[in-house]
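> Kindly generate the corresponding structure for this input.
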Amino acid sequence: MLIIRPDHLGDLLFLGPALRWLRASLPHAHLTLAIGPWGRPALPGLAGGYDQVLELPFPAFERGEHAGMVERWRLLPRMASRLRSMRFDVALVCRPDHWWGAILAHLAGIPFRLGFDTPETRPWLSQTLPLREEHAAAANLRLMAALLNTSIQPDPITHPLHFPIPTEDRAAAEAMIQPLNDRGHGPLVVVHPGSGAAVKRWDQAKWQALARRLVARGARVVVTGGPGEEPLTRAVAEADARILDLGGRTSFSLLAALLARADLVLGPDSGPLHLAVAVGTPTVHLFGPADPVRFGPWGDPQRHIVIPSPWDCAPCGRFDWPDLPAHGCVRDIPLASVWAATTRLLGWHD
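Here you go, the predicted structure:
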């Protein structure tokens with residue numbers, strides 16, 4: 001069986017509950033997971049739900065310059081020939097609009113091809129599942145249940161995210177925050193200000209103001225970020241000399257250990273925020289163009305708070321706005337709203 005999911009880290013973490021449910025339901029099936037090379041850091045969150053990983057260069061999902069339409073069509077026959085030789089009998093296309101993956105499964109001659117009923121994928125699938133307004137993790141679970149001709153009631157408590165953390169990463173995370181431990185024992189708060197799409201980011205000055213408030217209340221504050229986000233994390237950390245800047249210094253697994261150690265994680269919609277949910281840490285998620293119904297935290301709503309944009313047009317689903325200064329749907333989220341959610345989850349009373 002081939003399971004196709006071309007997306008990035010957060011969306012792959014949403015696949016974990018469905019893969020583990022499918023593995024428990026079909027313990028003897030051979031499950032091959034097709035992902036982009038950018039998705040490999042999320043694989044621990046899918047542990048126990050697949051037998052083999054197949055990396056494919058899914059066009060339009062690479063960060064930065066995307067392959068043009070001509071190159072996308074050129075890739076199809078080459079990748080289809082590769083899959084045909086593997087003799088899959090079932091393909092699951094888990095992203096609802098992934099027409100390229102649906103065509104790929106069709107050209108590879110996979111006889112049973114199941115995905116969601118969308119105009120982009122419908123012509124290339126042998127069976128479709130009606131698309132609902134629901135969380136992506138719930139949709140993944142429904143798709144797996146449809147394969148077995150059964151029903152399921154997706155629930156984040158029954159079907160949670162999960163990300164195992166190696167002992168050595170826990171020890172490394174503890175060593176990284178030791179300078180903060182020497183300064184006090186207030187709650188450990190991680191601020192992750194970056195996101196894969198710049199339009200999802202909050203105002204830098206508001207992050208600085210929030211960080212200063214946290215430090216003033218005795219919190220130990222860490223700022224994290226991936227490669228290339230060091231200027232952003234450095235700018236936020238400059239709000240107060242007592243803030244620890246770890247931008248660009250953690251692998252995904254080490255970041256998981258750091259987030260698991262925290263009392264609260266704050267940031268815009270991003271893979272690391274969903275990673276925090278997966279390791280059991282309370283979170284505050286800032287949302288703008290992305291739909292929190294589909295992509296919000298898959299966890300207990302008492303522990304994970306979504307703050308939506310005040311703009312009437314949000315969520316629009318568009319992440320490629322060319323004029324970022326003119327697009328402030330996340331930037332305009334009030335500092336007061338984020339502070340209120342922060343104090344609530346930390347149990348502080350103003």
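> Walk me through the domains of this structure.
According to automatic domain parsing, the chain comprises the domains 2-147, 171-346.
> Make JSON lines out of these and add mean pLDDT, distance to H162 and mean neighbour count.
Every residue, glycine included, has its C-beta placed from N, CA and C. Formatted as JSON lines, the domains of the chain follow (pLDDT from 0 to 100; distance: least, CB to CB, whole Å; neighbours: other CB atoms under 10 Å):
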{"stretch": "domain 2-147", "mean pLDDT": "94", "distance to H162": "6", "mean neighbour count": "18"}
{"stretch": "domain 171-346", "mean pLDDT": "95", "distance to H162": "6", "mean neighbour count": "19"}
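> Let me have the ones you listed in a markdown table, extended by distance to L161.
Converted to a markdown table, the domains of the chain look like this (distance: least, CB to CB, whole Å):
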| stretch | distance to L161 |
| --- | --- |
| domain 2-147 | 5 |
| domain 171-346 | 4 |
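> what's the spacing between the closest residue to H159 other than its chain neighbours and F287?
Nearest residue to H159 in three dimensions, chain neighbours excluded: P17, at 3.8 Å (CB to CB, 6 or more residues apart in numbering). According to CB to CB, to the nearest Å, P17 and F287 sit 21 Å apart.
> Next: P179.
Taken as CB to CB, the span from P179 to F287 is 32 Å.
> same question, L214
21 Å.
> dump the residue contacts of the closest residue to P193 other than its chain neighbours.
Counting by CB to CB, 6+ apart, the nearest residue to P193 once its immediate chain neighbours are dropped is W207, at 5.1 Å. Contacts here follow CB atoms under 8 Å, 6 or more residues apart in numbering; on that basis W207 touches 191, 193, 236, 239.
> Verify the contact between P41 and L254 for me.
No - using CB atoms under 8 Å, P41 is not in contact with L254, being 10.4 Å away.
> still on that earlier bit, I'd like to know which of the domains of the chain lies nearest to P164.
domain 2-147 (5.5 Å; CB to CB).
> Check the secondary structure at the residue nearest to H159 for me.
helix (DSSP: H, G, I helix; E, B strand; the rest coil).
> Would you mind naming the helix or strand containing the residue nearest to P193?
Counting by DSSP states H and E, the element that carries W207 is helix 204-216.
> Name every strand pairing with the helix or strand that that helix is followed by and say which way it goes.
Going down the chain from helix 204-216, the next helix or strand is strand 220-223, by DSSP H and E. Using DSSP bridges, the strands paired with strand 220-223 are strand 188-191 (parallel), strand 244-245 (parallel).
> can you put those in a markdown table and add distance to T283?
What follows is those, written out as a markdown table (distance: least, CB to CB, whole Å):
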| stretch | distance to T283 |
| --- | --- |
| strand 188-191 | 9 |
| strand 244-245 | 19 |
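> To P111, which of those lies closest?
Of the strands paired with strand 220-223, nearest to P111 by CB to CB is strand 188-191, at 47.0 Å.
> List the contacts of that closest one.
The contact list for strand 188-191, computed with CB under 8 Å, 6+ apart, reads 177, 180, 207, 210-211, 214, 219-224, 236, 258-259, 261-267, 276, 342, 346.
> List the contacts of stretch 176-187.
Stretch 176-187 is contacted from outside by 188, 217-222, 242, 244, 246, 249-250, 258, 261, 263-264, 346, using CB under 8 Å, 6+ apart.
> at 6 Å what do you get?
For stretch 176-187, contacts defined as CB atoms under 6 Å, 6 or more residues apart in numbering pick out 218-220, 244, 263, 346.
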